[in-house]
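**Q** the following comprises the amino acid sequence and a computationally predicted model.
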Amino acid sequence: MAAGTTQFINQKLLEESPIFSKTRVDFTPTHPLTHLVVANNNIVMAMANKTLIRIDREHGPGRQDEIDLTKTISGAKISALFLDPTGTHLLISLKSNDVDVQPELYYLHKKWTKPRPCSKFRGSLVSSVGWSYGPRDRSDSSTGPILAGTTLGLIIETELNSDERFFSREVEEHYKQVFDIGKGQHTPVTGLQYHMVPNTTKYLVLATTPTRLYQFQGYVTNPAERPLLQQVFNNYLNVQERFLELPSKLKYSTLSFYYGPREEGSRMFPLQFGWLTEPGIYWGRIDPWEGDSDTVTVDCQLIAPGNDMDKDTPKTAFITQFHALMLFKDRVKGVCLLNEQSVFDDSYDGTYGGLVGLAHDQVKNIYWAFTEYAVYKYQVVNETRHVWRVYLEQGQFNLAMRHCGDQQAAMDLILTKQAEQLFSEGKWVESAMHYAKTKCSFEEVTLKFMDLEEKNALKNYLKKKLETLKSSEKTQITLIVIWLVEIYQNKLGHLRESGDNTVECQAEFRNLEEEFLALLRQQRVEECIRNNKEVVYSLLGSHGDQRSLVYLAQVLRDTDRVVQYNLRNKQYQAVLSILTTEANPELFYSYCPVLLQSLPKQTVDTLVSMSKLLSPSRLLPALLVSQSADPDVASHSVRYLEHAVSVLFCKDQPVHNLLVSLYTHHNKDKLLTYLTSS
């Protein structure tokens, strides 16, 4: 990680509340604590005098009871405690220093005050338990299928029942060895957990020893059949063992999981795993579909548990979404999984005895540390606060953006860094699109892209930037629109003048032209050009792009411009059509002289059809030219004037005078009739 980012985060951590918020529990044991487990706000502790203390914090911190185990376990001592996720079922693993005394396993239900032996486990020292995370019966009398790992590497499936109606029989409803990792050697199963993949009949199992990580997966066709997971393990009985091995001299390792937030009542399923061994914490995502048939763990990496200052190895470790909380002999330390940076260091001075252990309440996502005479809880507080910056330094921009929340400054920095990287990689267009979303100086960015021979990147930057501008930023909108018109015209002009008549070149020209015309249709662009149309017309004219000029005039409803273009190209019929469509009398008065000379019959037909809209007197300047024109023009001019006099009942003297004049020069026979009728 860059030094600047590390220093920044370190400074922020000093200023802000810790990622792991520590609180001491209002409880002081009468004897040294040796073990502590927590689940669903239920705490079970073992003291050195062989007494269990149970505290139900879910229903009030005052609910506490003690269970004396001295008679139950006699000469043995507690090796480990295992509490199921609901906090209902407790397993007590016992061992003795006397080789003649066999290890035992005891079961204590939440409602009991005395544990019962699991007789079928006598002789097996249970070192790990994989609880059922599936639905239970309402009475919570059964554990559901559970896996128990032993110090000899055996994996046993069993199910324990606390129903008092069956007190006369063994607590194990069933018991069967389903797999053997140890092969008769002292190979303790240090971590064990199984889960059903949501909405499927697929199950996965993760098991660890001090040096190995095993993964099992498979389908269960009949969930009511026991052992439940035998079908899964059967896939691995007669094949070569598959595992990940990390060298370690330690006699222990820790397997932990991160579950993430979930809806009330939904099945727990881990999103990430962490495995602490001597080399460090091996962690990654759990995905039962992305990996191959041998693994459900993906995107895995190994991080060191400490730095050069750490001379000891963590006793245990649990992962959060982005951090690992580790227990050393004299402190609790938090390390970021993404960059191995220390984010939390809580030293213990031995006031309440030495640090003994660390536990995790998977349901409440609270971590519990305990010394011999004190208990502390650590809650995760906004651990994502600086994650975006770590991802940014690693160049994982999408992840950085996903975790920056609604911090506008962070979003802008991420987009800027991504744009810079894309530019350095020669991905000009992509870089431009990202720059356009930032608050980077417009001048600096455009200068950067202007230096490139290829202008597509600049064009795309300007178009994207145009979308982000506010309507009030009219000056910059105008600058960008004019600039875009120039860029498009340069490229279109180059294609027109290239002389390349290949299909590819013609297609490129058509596509670019359509792209340009689409730009002109955009509301913001249209409004801008409407206020600066003479500048744009001049620009289009200088490039000789009459097609675009006419199209723009049509978009702007600039009829004068369209009519003039058609007149220059002698498209008189098109002009008549435009005038008829527009139905603007002033346009008829302006252009009728030219039209009457070129299309006398069609023009007069149009004038007659539009006669209620037009004033014959206002048309006189156009009709006057017919006095010296050819007979055809005069003939149709007479036709309109006759229509004006006889149909429109026009009484204007100049109209009658012109009609008489035309009769005199071109049709004297009608003159007498006119004079007689008048």
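**A** Thanks, I have the structure now.

**Q** which pLDDT value goes with residue 632?
**A** Residue 632 is assigned 83 on the pLDDT scale.

**Q** excluding its backbone neighbours, what's nearest it?
**A** residue 600 (5.6 Å; CB to CB, 6 or more residues apart in numbering). Where you see a C-beta, it was placed from the backbone N, CA and C, and this is true even at glycine.

**Q** which residues touch that neighbour?
**A** The neighbours of residue 600, taking CB atoms under 8 Å, 6 or more residues apart in numbering as the test, are 632, 633, 635, 636, 637.

**Q** the second one looks like it's in a helix, true?
**A** The one in question is residue 633. Yes. Counting by DSSP: H, G, I helix; E, B strand; the rest coil, one finds residue 633 located in a helix.

**Q** and the gap between the residue nearest to residue 632 and residue 351?
**A** 114 Å (CB to CB, to the nearest Å).

**Q** likewise for residue 667?
**A** 127 Å.

**Q** which of the two has more neighbours?
**A** Shown here are residue 667 and residue 351; by other CB atoms under 10 Å, residue 667 has more neighbours (15 against 8).

**Q** ok, that one touching residue 641?
**A** No. Counting by CB atoms under 8 Å, residue 667 sits too far from residue 641 to count as a contact (11.4 Å).

**Q** name the nearest residue to residue 536, ignoring sequence neighbours.
**A** residue 529 (5.0 Å).

**Q** does that neighbour count as helix, strand or coil?
**A** Judged by three-state DSSP, the three-state class of residue 529 is helix.

**Q** and it, what is it in contact with?
**A** Counted by CB under 8 Å, 6+ apart, residue 529 has contacts 481, 520, 536, 552, 556.

**Q** now the first one: which helix or strand?
**A** Element membership of residue 481 [criterion: DSSP states H and E] is helix 474-497.

**Q** equivalent analysis for the second one, please.
**A** Using DSSP H and E, residue 520 maps to helix 503-521.

**Q** now do residue 192
**A** strand 191-196.

**Q** please point out which parts of that strand sit buried.
**A** For strand 191-196, a neighbour-count test (16 or more other CB atoms under 10 Å) marks 191, 192, 193, 194, 195, 196 as buried.

**Q** burial of the residue nearest to the fourth one when sequence neighbours are not counted, as a residue count?
**A** Put plainly, it is residue 194. Spatial nearest neighbour of residue 194, excluding adjacent residues (CB to CB, 6+ apart): residue 205 at 4.3 Å. Using other CB under 10 Å, residue 205 has 23 neighbouring residues.

**Q** so residue 205: helix, strand or coil?
**A** Going by three-state DSSP: residue 205 is strand.

**Q** how close does it sit to residue 242?
**A** Distance of residue 205 to residue 242, computed by CB to CB: 13 Å.

**Q** what touches both of the two?
**A** 214, 215.

**Q** residue ranges with poor pLDDT in the stretch 201-350 of the chain?
**A** Judged by pLDDT under 70, the stretch 201-350 of the chain has its weakly predicted residues at 264-265, 291-292, 306-311.

**Q** quick one: the strands in it, in order.
**A** 202-208, 212-219, 243-245, 254-258, 272-277, 280-286, 297-303, 316-319, 323-327, 331-336, 342-347 (DSSP state E, counting those that start in this stretch).

**Q** will you turn the ones you listed into a markdown table that also has distance to residue 436?
**A** Converted to a markdown table, the strands of the stretch 201-350 of the chain look like this (distance: least, CB to CB, whole Å):
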| stretch | distance to residue 436 |
| --- | --- |
| strand 202-208 | 45 |
| strand 212-219 | 46 |
| strand 243-245 | 46 |
| strand 254-258 | 37 |
| strand 272-277 | 36 |
| strand 280-286 | 34 |
| strand 297-303 | 32 |
| strand 316-319 | 39 |
| strand 323-327 | 36 |
| strand 331-336 | 33 |
| strand 342-347 | 35 |
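
**Q** how many residues are close by residue 561?
**A** 16.

**Q** give the contact list for the closest residue to it other than its chain neighbours.
**A** Closest residue to residue 561 apart from its sequence neighbours, by CB to CB, 6+ apart: residue 553 at 3.9 Å. Residues counted as contacts of residue 553 (CB under 8 Å, 6+ apart) are 537, 559, 561, 562, 565.

**Q** need phi/psi at the third one.
**A** By that I understand residue 561. Note on residue 561: its backbone torsions stand at phi -70, psi -40 [degrees, to the nearest 10].

**Q** same question, the last one
**A** The phi/psi pair for residue 565 (degrees, to the nearest 10) reads phi -60, psi -40.

**Q** isn't residue 423 right up against residue 448?
**A** Yes. Assessed by CB under 8 Å, residue 423 is found in contact with residue 448 at 7.0 Å.

**Q** what bridges to the closest residue to residue 118 other than its chain neighbours?
**A** Closest residue in space to residue 118, ignoring its immediate chain neighbours: residue 105 at 4.3 Å, by CB to CB, 6+ apart. Bridge pairing for residue 105 (DSSP bridges) gives the partners residue 93.

**Q** what sits against residue 105?
**A** Contacts of residue 105 (CB under 8 Å, 6+ apart): 91, 92, 93, 94, 117, 118, 121, 122, 124, 126, 148.

**Q** pLDDT value on the third one, please?
**A** What that stands for is residue 93. So residue 93 comes in at 97 (pLDDT).

**Q** burial of it, as a residue count?
**A** There are 26 residues near residue 93, going by other CB under 10 Å.

**Q** how close does it sit to residue 254?
**A** Residue 93 is 16 Å from residue 254, by CB to CB.

**Q** now swap in the fifth one and tell me
**A** Plainly put, residue 117 is 28 Å away from residue 254 if you go by CB to CB.

**Q** pick out whichever of the two has more residues nearby.
**A** Comparing residue 117 with residue 254 by neighbour count (other CB under 10 Å), the higher total belongs to residue 254, at 21 against 16.
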